[in-house]
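> Show me the folded form of this:
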Amino acid sequence: MKVLLLGRNGQVGWELQRSLAVLGDVVAWGRDQADLASPAALAEAVRKAAPDVIVNAAAYTAVDRAESEPELARTINAEAPAALAREAARRGAWLLHYSTDYVFDGSGHLPWTEEAPTGPLGVYGRTKLEGEAAIRASGCQLLILRTSWVYGTRGGNFARTMLRLAQERDRLKVVNDQFGVPTGADLLADLSAHLLRSVQSRPELGGTYHAAPAGETNWHAYARHVIGFARSAGVPIKVADDAIEAVPTEGFPTAATRPRNSRLDTRKLRDTFGLALPGWQAGVDRMLAEVLGR
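Sure thing, here's the model as predicted:
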């Protein structure tokens, strides 16, 4: 089996190079080989590569900048996936694509199911939702994984930022009214390989799934967890526990509106594939231990 991976240098793409190796020959492309800002050229490159599986881990993810670059965001998040889906349909290949909690409007307190009404609040969410719709309309064999608050050991992420600030500042302010689940790139990659293996023998299992660890948190509680782990590990933390202030979303104005409720219901994924998902703390702690060399 030939697997074509797009976005090899991203957090999820890096982990996918490891996890997908059990499926066959993995060809991993970065932006030099596949520029999602040029869908026509992308389609031609995929046609020449002739893969059995396409895994798209590339996207426009600059949520705030997307508000001022809507056309570029739409090209990368909607038109490029549409081109990939058409090529997948043309040759009978599978397409695995990653989407986001931002396709929902963030209302309420219950976890979102795959069938819940969508209502993105900004350009990023709208373009990701357009990409989903285009993939489904193509008629290709598909897996779409919606996830939230992705982090990895490579590149920047919220936990790394909190670690740095906690060593530099006496006080921190962190939002406490946005709820979701931190999702490790390694977990997403492992789930991806498992699902792709499963649908090879049972193609009827294809579709849209929510993928995230168990539990929930908010950014303030997440920050306290990260800083507490680092403090216990002997990292010289400057900020005191009682100096990590919880503030509402309005305390940090941004160009794009963030959803308050990013909880994702993963029951469909767990029941369909017989999976048990770990609590979010386990993945975060593993990442922190690796980052801190503990």
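> Give me the neighbour count for Pro259.
25 (other C-beta atoms under 10 Å). Backbone N, C-alpha and C define where each C-beta goes, glycine included.
> now swap in Val235 and tell me
15.
> so it touches Gly293, yeah?
No: contact between Val235 and Gly293 fails when scored by C-beta atoms under 8 Å: they sit 10.3 Å apart.
> Next, give phi and psi for Trp94.
Backbone torsions of Trp94, given as degrees, to the nearest 10, read phi -90, psi 150.
> Roughly how far does it sit from Gly131?
Separation of Trp94 from Gly131 (C-beta to C-beta, to the nearest Å): 16 Å.
> more crowded one of these two?
Each of Trp94 and Gly131 has its neighbours counted (other C-beta under 10 Å); Gly131 has more, 29 against 22.
> mind checking the SS state of the more buried one?
helix (DSSP: H, G, I helix; E, B strand; the rest coil).
> how much space between it and Asp32?
22 Å.
> now do Val150
23 Å.
> Please confirm that Ala193 is located within a helix.
Yes: looking at Ala193 with three-state DSSP, it is inside a helix.
> Report the contact partners of the nearest residue to it once chain neighbours are set aside.
Counting by C-beta to C-beta, 6 or more residues apart in numbering, the nearest residue to Ala193 once its immediate chain neighbours are dropped is Ser19, at 4.2 Å. Ser19 makes contact with 186, 189-190, 192-193, according to C-beta atoms under 8 Å, 6 or more residues apart in numbering.
> now, among those, which is nearest to Ser107?
Closest approach between the contacts of Ser19 and Ser107, by C-beta to C-beta: Ser192, at 29.2 Å.
> Rebuild the contacts of Ser19 as JSON lines, extending it with neighbour count and distance to Asp177.
Shown next, in JSON lines, are the contacts of Ser19 (neighbours: other C-beta atoms under 10 Å; distance: C-beta to C-beta, whole Å):
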{"residue": "Asp186", "neighbour count": "22", "distance to Asp177": "29"}
{"residue": "Ala189", "neighbour count": "23", "distance to Asp177": "31"}
{"residue": "Asp190", "neighbour count": "15", "distance to Asp177": "31"}
{"residue": "Ser192", "neighbour count": "24", "distance to Asp177": "31"}
{"residue": "Ala193", "neighbour count": "20", "distance to Asp177": "35"}
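> Closest one of those to Asn157?
Proximity of these to Asn157 was ranked by C-beta to C-beta; the top entry is Asp186 with 12.7 Å.
> So Gln11 is in contact with Thr183, correct?
No: the pair Gln11 / Thr183 is not scored as a contact, 10.2 Å apart, by C-beta under 8 Å.
> Neighbour count: those two, which is higher?
Thr183 (26 against 23).
> would you list every one of the strands in the stretch 151-294 of the chain?
172-175, 179-180, 183-184, 207-210, 217-218, 244-247 (DSSP state E, counting those that start in this stretch).
> Using CSV, write out every CA atom in stretch 147-154.
Output of stretch 147-154 as CSV, limited to C-alpha atoms (Å, rounded to 0.1, in the frame of the first residue of the first chain):
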residue,chain,number,x,y,z
THR,A,147,-10.2,17.3,16.9
SER,A,148,-9.4,20.1,19.4
TRP,A,149,-6.5,21.9,21.1
VAL,A,150,-3.7,19.9,19.3
TYR,A,151,-0.2,19.9,20.8
GLY,A,152,3.0,18.0,20.1
THR,A,153,6.6,17.9,21.2
ARG,A,154,7.7,19.7,18.1
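> Just the buried positions in stretch 261-280, please.
By neighbour count with 16 or more other C-beta atoms under 10 Å, stretch 261-280 contains the buried residues 261-266, 269-270, 273, 277, 280.
> who has more neighbours, Val150 and Asp32?
It is Val150, of Val150 and Asp32, that has more neighbours when counted by other C-beta under 10 Å, with 20 against 7.
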